[in-house]
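In: this one's sequence-less:
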C-alpha cells in the first residue's frame, strides 16, 4: 500500500454497523470500507489481499467476549496493531407504519440481542431472532416493509436505510461498550504503544499457569484480561490470551516475556501485538463520538 492510497479496511456487517464506527475512529480521515458478511470472511480479507486491515470485535462490557473472533484470531497469523472502544446505543427500528404495538419479531446480531434482555423481558410478545448483522437487519426490515418486523441497530443504520426509530437506548445498561481490535498482516512498531497481547499454551502439569505468569507479577506488570479458548483437535487443552498494560520496549517487560518463553510449562508463546490502548480514549469521548 502506497502513501497515496486509502487504507482498505474490512469490518463485519453492512454499512451502518457498529464495526463501521470503529473504522471511523481508527481512520478518521479516510478509508476504503470493505463490509464482510461474517467473521470468517472478515479474517480472510487480509490474506485474500482484499483489505490492508480488519476491525474485529473482541469483547463487550455487557455480553462479554466475542469468542468466535478470539478463535479466528488465535488461528490466524494476524497481528493486533491498534484498538478502538465504541459506545453501543441500540435502537428499535421498523418500517413506516410500524409501532411498538405492532412489532412481533425483532432481528439483530446475537451479541446485540444479548445486550437487550430487559427489553424482551418487558415485551414478552416480541420474539428475538438472530441475524448476521445489526445494520443488515435494518435493511431486511425496509425491504420486507412488514410492520410486525423490526431490527435492533444503531441510529446511523436507521438513517442509512430510511428506517423509523421506534425506541432508543434498548441496551440493558447505559455503560455499554465494545472493544475492537485493528488487525494487520505485519506488526507495526509504535513509540506510544502501552498495551501488549500474547498467547500461551501450557503443559498439563500442576502449577503451570502460576509458573507462566510469575514473571509478570515479579516485574509488576498489570494483567488486564485473560481469555481461555479450547484448542481445536486437542480435547481439554487450551490457549490463554493475555492482555498486559506494558510497553514492549521496556527492558523489564522484555525480560519478563523472555522468562515466560523459556518457562518449562509453556508449550506455545506468541506475541499477538504491541499497540496503543484505546483506554486512553475516555468512555466520555467514545459516547460523544457515538452521537455524531
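Out: That came through, no problem. Just so it is clear, the model here is predicted, and its values are computed rather than measured.
In: and the end-to-end length of stretch 177-193?
Out: Across stretch 177-193, the straight-line distance between its terminal residues is 22 Å, by CA to CA, to the nearest Å.
In: and the residue most central in space within the chain, how far from residue 105?
Out: With distances taken as CA atoms, centre = their mean, the residue of the chain nearest its centroid is residue 57 (1.0 Å). Note on residue 57: its distance to residue 105, by CB to CB, to the nearest Å, is 24 Å. No exception for glycine: its C-beta is placed from N, CA and C like everyone else's.
In: swap in residue 85?
Out: Here residue 85 is placed at a distance of 31 Å from residue 105 (CB to CB).
In: which one's more surrounded, the two?
Out: Taking other CB atoms under 10 Å, residue 85 and residue 105 do not tie; residue 85 has more neighbours (22 against 14).
In: tell me the secondary structure for that one?
Out: Here residue 85 is recorded as strand under DSSP: H, G, I helix; E, B strand; the rest coil.
In: what of residue 189?
Out: Following three-state DSSP, residue 189 is assigned to coil.
In: would you map the helices across the stretch 1-150 of the chain?
Out: Ranges of helices in the stretch 1-150 of the chain, per DSSP state H, counting those that start in this stretch, are 18-26, 39-47, 67-75, 110-114, 117-122, 134-144.
In: mind listing what's buried in the longest one?
Out: Under the neighbour-count criterion of 16 or more other CB atoms under 10 Å, helix 134-144 has 134-142 buried.
In: and those residues, which is closest to residue 213?
Out: Nearest to residue 213 out of the buried residues of helix 134-144 is residue 134 (CB to CB; 36.8 Å).
In: excluding chain neighbours, what is closest to that closest one?
Out: Sequence neighbours aside, residue 153 is the residue nearest to residue 134 in space, at 3.9 Å (criterion: CB to CB, 6 or more residues apart in numbering).
In: where are the low-confidence patches of the protein?
Out: Low-confidence segments of the chain (pLDDT under 70): 1-4, 280-292.
In: how about the nearest residue to the residue of it most remote from its centre, chain neighbours excluded?
Out: Going by CA atoms, centre = their mean, the residue of the chain most distant from its centre is residue 97, 34.2 Å out. Once flanking residues are discounted, residue 97 sits nearest to residue 147: 4.7 Å by CB to CB, 6+ apart.
In: mind listing what the one you found touches?
Out: Shown in contact with residue 147 (CB atoms under 8 Å, 6 or more residues apart in numbering): 94-95, 97-99, 102-103.
In: in the stretch 51-200 of the chain, which spans are strands?
Out: Ranges of strands in the stretch 51-200 of the chain, per DSSP state E, counting those that start in this stretch, are 53-60, 64-65, 79-87, 91-94, 105-108, 127-130, 149-153, 164-168, 177-184, 195-202.
In: now do the first one against strand 79-87, angle only.
Out: Right, strand 53-60. Calculated by axes from the mean of the first three to the mean of the last three CA atoms, to 10 degrees, strand 53-60 forms an angle of 60 degrees with strand 79-87.
In: which helices and strands does strand 53-60 pack with?
Out: With contacts taken as 3 or more CB pairs under 8 Å, 6 or more residues apart in numbering; DSSP states H and E, strand 53-60 sits against strand 8-12, helix 18-26, helix 39-47, helix 67-75, strand 177-184.
In: go on, the last one?
Out: Applying 3+ CB pairs under 8 Å, 6+ apart, one finds that strand 195-202 makes contact with helix 208-218, strand 238-245, helix 251-262, strand 266-275.
In: between these, which one is closest to residue 172.
Out: Closest to residue 172 of these, according to CB to CB: strand 238-245, at 24.4 Å.
In: so which of the helices and strands packed on strand 195-202 comes closest to residue 183?
Out: Residue 183 sits nearest to strand 266-275 of all the helices and strands packed on strand 195-202, at 8.3 Å, using CB to CB.
In: run a quick neighbour tally on residue 23.
Out: If you count neighbours by other CB under 10 Å, residue 23 ends up with 24.
In: what's the spacing between it and residue 45?
Out: The gap separating residue 23 from residue 45 is 13 Å, by CB to CB.
In: do residue 238 as well
Out: 27 Å.
In: out of the buried residues of helix 134-144, flag the one nearest to residue 170.
Out: residue 134 (11.4 Å).
In: quick check: that closest one touching residue 17?
Out: Yes - contact between residue 134 and residue 17 holds when scored by CB atoms under 8 Å: they sit 5.7 Å apart.
In: ok, residue 92 - how many residues close by?
Out: Counted with other CB under 10 Å, residues neighbouring residue 92 total 26.
In: which residues touch the nearest residue to it once chain neighbours are set aside?
Out: For residue 92, ignoring the flanking residues on the chain, the nearest one in space by CB to CB, 6+ apart is residue 167 at 4.1 Å. By CB under 8 Å, 6+ apart, the contact set of residue 167 is 91-92, 100, 119.
In: much appreciated, bye for now.
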